[in-house]
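Engineer: Quick one: sequence plus predicted model below, questions after.
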Amino acid sequence: MAETPPRSWTDADVATATRKKPVPEGLWVACAKCGAILFRRALENNLGVCPDCRHHFRISAPERIAQLTDPGSFDEMAADIRSADPLNFIDTKPYPDRLIAARKKTGVNEAVMCGTAFIKGRKSVMVAMDFRFLGGSMGSAVGEKIVIAIEAAMAEDLPLIIVTASGGARMMESGLSLMQMAKTSAALARFHKAGGLYIAVLTDPTTGGVTASFAMLGDVTLAEPDALIGFAGPRVIKNTIRQDLPDGFQRSEFLLQHGFVDRVVDRSDLRSEISSLIDYAGK
């Protein structure tokens, strides 16, 4: 039982002594899979992977680059390329306003970052998508930046690594967004013809037009555990074919069993796996 304060204490003294210290917002985070309450800093130090159940949290493009590349080696390219508003698109708010809000919220200019970097000493072209930016959607700027990265890898005969995280095409750019599927695929065809090595790393989620184009064109296709990978979502497919779907449908492990990906790799092993593949290919 708490001791009664001395009579000389004022009400303000009692309030100060018994007031609970507020917990800073965002200090703790709940695991979406097992429900464990995790200290955010500890989670970040564990590469964004739950230490209890190994659930892989979604991470940003800058975090992805920091995890995979040698410290200080990333040299960004095409950083100033940004989406315009060619269709003057407005839904509940104008498209330019959405872009401004996304840049302010995420601190990045677009849904993808590209550049050269070293991965355990192997120089490569690194591309990382950022789901925080309008769901990682692929608009004209995203397609252009990816093509620039592909062409840079081809010009310097460097391995190309693309880490995907996307909801698909960007509806605010309509047909112009869909054109990026053909644009990126054609660039990869040229890269393949030139003998380039392309390693695709599929993370949660990889869906829509990104899956239907460059995400599935890797010479080697890796995926993080339990990542959602597919074109249409499971609910849409189920409602269309009116059949129950198999357990784990469209998850990494299911795709591995059915030959759509080559290996499911834990995030802690990705950097070593990519560097080994570069060595195997003689790049």
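Structural biologist: Yep, that arrived.
Engineer: the helices in the stretch 51-200 of the chain, which residues?
Structural biologist: 61-68, 95-106, 140-156, 174-193 (DSSP state H, counting those that start in this stretch).
Engineer: Redo the ones you listed as CSV? Include mean neighbour count and distance to Val201.
Structural biologist: C-beta: built from backbone N, CA, C; applies to glycine. Putting the helices of the stretch 51-200 of the chain into CSV (neighbours: other C-beta atoms under 10 Å; distance: least, C-beta to C-beta, whole Å) gives the following:
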stretch, mean neighbour count, distance to Val201
helix 61-68, 19, 9
helix 95-106, 15, 20
helix 140-156, 21, 14
helix 174-193, 17, 15
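Engineer: From start to finish, how long is stretch 106-115 in a straight line?
Structural biologist: Terminal residues of stretch 106-115 lie 19 Å apart, using C-alpha to C-alpha, to the nearest Å.
Engineer: What are the buried residues along that stretch?
Structural biologist: Going by neighbour count (16 or more other C-beta atoms under 10 Å), the buried part of stretch 106-115 is 106, 108-115.
Engineer: Export these as a markdown table, with columns for pLDDT.
Structural biologist: Listed next are those as a markdown table, based on pLDDT from 0 to 100:
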| residue | pLDDT |
| --- | --- |
| Thr106 | 97 |
| Val108 | 97 |
| Asn109 | 96 |
| Glu110 | 98 |
| Ala111 | 98 |
| Val112 | 98 |
| Met113 | 98 |
| Cys114 | 98 |
| Gly115 | 98 |
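Engineer: gap between the closest residue to Phe254 other than its chain neighbours and Ser83?
Structural biologist: Excluding its sequence neighbours, the residue lying closest to Phe254 (C-beta to C-beta, 6 or more residues apart in numbering) is Gly248, at 4.4 Å. According to C-beta to C-beta, to the nearest Å, Gly248 stands 35 Å off from Ser83.
Engineer: So if I had to pick from the two, which one is more boxed in?
Structural biologist: Taking other C-beta atoms under 10 Å, Gly248 and Ser83 do not tie; Ser83 has more neighbours (26 against 12).
Engineer: What's the separation between that one and Gly135?
Structural biologist: Here Ser83 is placed at a distance of 13 Å from Gly135 (C-beta to C-beta).
Engineer: got the contact list for the residue nearest the centre of the chain?
Structural biologist: By C-alpha atoms, centre = their mean, the chain has its centre lying nearest to Ala165, at 3.7 Å. Taking C-beta atoms under 8 Å, 6 or more residues apart in numbering, we find Ala165 in contact with 58, 128-131, 136, 203-206.
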